[in-house]
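Engineer: Structure for the following, please:
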Amino acid sequence: MLAIPFIIIYLAVNFFVGMDLYLWIKSFKNPFRYKKAKVIFIAVFSILTSLIIVAFALPDSDAKKTISRVTNYYLGFMINLLIVLALAHTLALILKKTKVVSKEYFRSGKPKFIAGWVCFVLSVGFSVYGFVNANNIEVASYDVTVNKKGDDMKIVLVADTHLGYSLGVRNMRDMAEKINVLEPDLVCFAGDVFDNNFNSLDDPSGIKQAFQSIESTYGKYACWGNHDVIDKLIGGFSVSFEENQKIDSRMKTFLEKSGITVLEDDALLIDDKFTLVGRLDMSKPGTDDAERLDIDEIEFDSTLPVICMDHEPDELSEKAEAGVDIDLGGHTHNGQFFPLNLGIGFVWENPKGHIEKKTDDGHIMHSIVTEGVGVYGPFMRTFTNSEIVEINVTFRQ
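Structural biologist: Modelled structure (predicted):
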């Protein structure tokens, strides 16, 4: 259980950020001549800071939904403010050490006043950009060629909707409309459809209708991700890493009633034309023994085109060796927000987009990873996109 360490770190960060805000507002001088102004600032900041803990402690309710949504926005702003303040302090240290700016000037109130406004404006602007960007679903497009016999087709890849406190019915209606414009033959939801808590859905009936409205030639299918298991969230982050976390049965029932078939380490022959494989999640499979089948333990005819849904884009070589032609994944969010987006490529072989994996016998597997529709943690996307992916598949035989 990581809730306590998370809360300690969160409160420590907020304390230091709060001190910087306090000193900045104090540089205004006039308002802070009065004790009431200081008390009001401390009270408001303390309330905003504590909302994440309150939301975590509350039982499932409308109040918990509302507070959780507010805190996901607040956390996004605080992350941006922390980054900007860290850069500002680093710059100030450099200026002091190099004596570019005199010590006397730093002792005056002007640097705090000017730097405070710059940091505040940058943080607000950066946050607004991140919030708006997280709500704007774009379409990425890739063309792939499979060296097998088959009918050319269009796949739409969706992942990481993270339905819950952040994303809801409005986002799903927008997504469904954009999918239908593409006129797909196959729609694949590659995991993290939910955000751990089924009770957090804002409008289950409306979301179901949005899913039902999606049209495709061969149907709509899904596999599970690491956020499709039951878990408590704090600030939008999972705080438990128990090995036997289970998938809420209501999630599967909900998807099936929405017209989406869930594949759990299954291979399904579709229209005698191609095979679709759906794998359980690698880190949180949701099974009693916390295990999933290896790709070579799932039976399918590799002479036919094989499309695989696997939430975490790992074991690419193993899937290529097993005869998979197209591997569809998500999970990475491409880092989602700055600065995580800068290092995500060191963690995953394919953090986003399209790469090819070639086996010794010449077989080529296409790995396609989407940045995802939704968010985890803070509701923001900076320098990454909320997206669905259009894949135009050509067969060459």
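Engineer: Read off the pLDDT value for Tyr105.
Structural biologist: Listed pLDDT for Tyr105 reads 69.
Engineer: Use 384 as the first number from now on
Structural biologist: Sure, I'll start numbering at 384, so the last one becomes Tyr488.
Engineer: Walking through the stretch 434-583 of the chain, point out its strands one by one.
Structural biologist: In chain order, the stretch 434-583 of the chain shows strands spanning 520-529, 536-541, 569-573, with DSSP state E, counting those that start in this stretch as the criterion.
Engineer: Quickly compare those and say which is most buried.
Structural biologist: Highest mean neighbour count of the strands of the stretch 434-583 of the chain: strand 569-573, a mean of 28 (counted as mean count of other CB atoms under 10 Å). From N, CA and C alone the C-beta is placed, and that goes for glycine too.
Engineer: what's the angle between the helix or strand that comes right after that one and strand 569-573?
Structural biologist: Using DSSP states H and E, the next helix or strand after strand 569-573 towards the C-terminus is helix 587-595. Angle between the axes of helix 587-595 and strand 569-573 is 130 degrees (criterion: axes from the mean of the first three to the mean of the last three CA atoms, to 10 degrees).
Engineer: Tell me which of the strands of the stretch 434-583 of the chain lies nearest to Val552.
Structural biologist: Ranking the strands of the stretch 434-583 of the chain by distance to Val552, with CB to CB as the measure, places strand 520-529 first at 13.9 Å.
Engineer: ok, and what's touching the closest one?
Structural biologist: Residues outside strand 520-529 that contact it (CB atoms under 8 Å, 6 or more residues apart in numbering) are 554, 557-558, 561, 565, 688, 708-709, 736-737, 749, 751, 753-754, 756, 768-779.
Engineer: Among the residues you listed, which are located in strands?
Structural biologist: Assignment to strands by DSSP state E places the following of these there: 709, 736-737, 749, 751, 769-778.
Engineer: In a markdown table, list the strands of the stretch 434-583 of the chain along with distance to Ile408 and mean pLDDT.
Structural biologist: Formatted as a markdown table, these follow (distance: least, CB to CB, whole Å; pLDDT from 0 to 100):
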| stretch | distance to Ile408 | mean pLDDT |
| --- | --- | --- |
| strand 520-529 | 38 | 98 |
| strand 536-541 | 44 | 98 |
| strand 569-573 | 46 | 98 |
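Engineer: for stretch 494-505, which positions count as buried?
Structural biologist: Of the residues in stretch 494-505, those scored as buried under the neighbour-count criterion (16 or more other CB atoms under 10 Å) are 494-496, 498-499, 502-503, 505.
Engineer: just to revisit the earlier point, in ChimeraX, how would I select just the buried ones from the ones in strands among the contacts of strand 520-529?
Structural biologist: Only the buried entries of these go into this ChimeraX selection, using 16+ other CB under 10 Å:
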select :709,737,749,751,769,770,771,772,773,774,776,778
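Engineer: Pull the most distant pair out of the ones in strands among the contacts of strand 520-529.
Structural biologist: The most distant members of those, if one measures by CB to CB, are Ser769 and Phe778, lying 30.6 Å apart.
Engineer: Would you map the helices across the stretch 384-533 of the chain?
Structural biologist: According to DSSP state H, counting those that start in this stretch, the stretch 384-533 of the chain carries its helices in the segments 386-409, 418-440, 445-480, 486-490, 493-518.
Engineer: got the angle between the first one and helix 418-440?
Structural biologist: Orientation check (the same axes, to 10 degrees): helix 386-409 against helix 418-440 gives 160 degrees.
Engineer: Which residues does helix 386-409 contact?
Structural biologist: 414-415, 421, 424-425, 428, 432, 435-436, 439, 461, 464-465, 468, 495-496, 498-500, 502-503, 615, 617-618, 620, 622.
Engineer: let's see it at 7 Å
Structural biologist: Outside helix 386-409, the residues within contact range by CB atoms under 7 Å, 6 or more residues apart in numbering are 415, 424, 428, 432, 435-436, 439, 461, 464-465, 468, 495, 499, 617, 620, 622.
Engineer: How about it, which residues are buried there?
Structural biologist: When burial is assessed from 16+ other CB under 10 Å, helix 386-409 yields the following buried residues: 386, 389-390, 393, 397, 400-401, 403-404, 407-409.
Engineer: next one: the second one
Structural biologist: If you call a residue buried by 16+ other CB under 10 Å, then helix 418-440 has these buried ones: 424, 428, 431-432, 434-436, 438-439.
Engineer: show me what contacts Tyr548?
Structural biologist: Tyr548 makes contact with 448, 451-452, 455, 578, 583, 619, according to CB under 7 Å, 6+ apart.
Engineer: Relative to Gly618, how far out is the nearest residue to it once chain neighbours are set aside?
Structural biologist: If you skip the residues right next to it in sequence, Tyr548 has Ser451 as its closest partner in space, 3.9 Å away by CB to CB, 6 or more residues apart in numbering. Distance check for Ser451 against Gly618: by CB to CB, to the nearest Å, it reads 9 Å.
Engineer: neighbour-wise, which of these two wins?
Structural biologist: Relative neighbour count places Ser451 above the other of Ser451 and Gly618, with 25 against 22, counting by other CB atoms under 10 Å.
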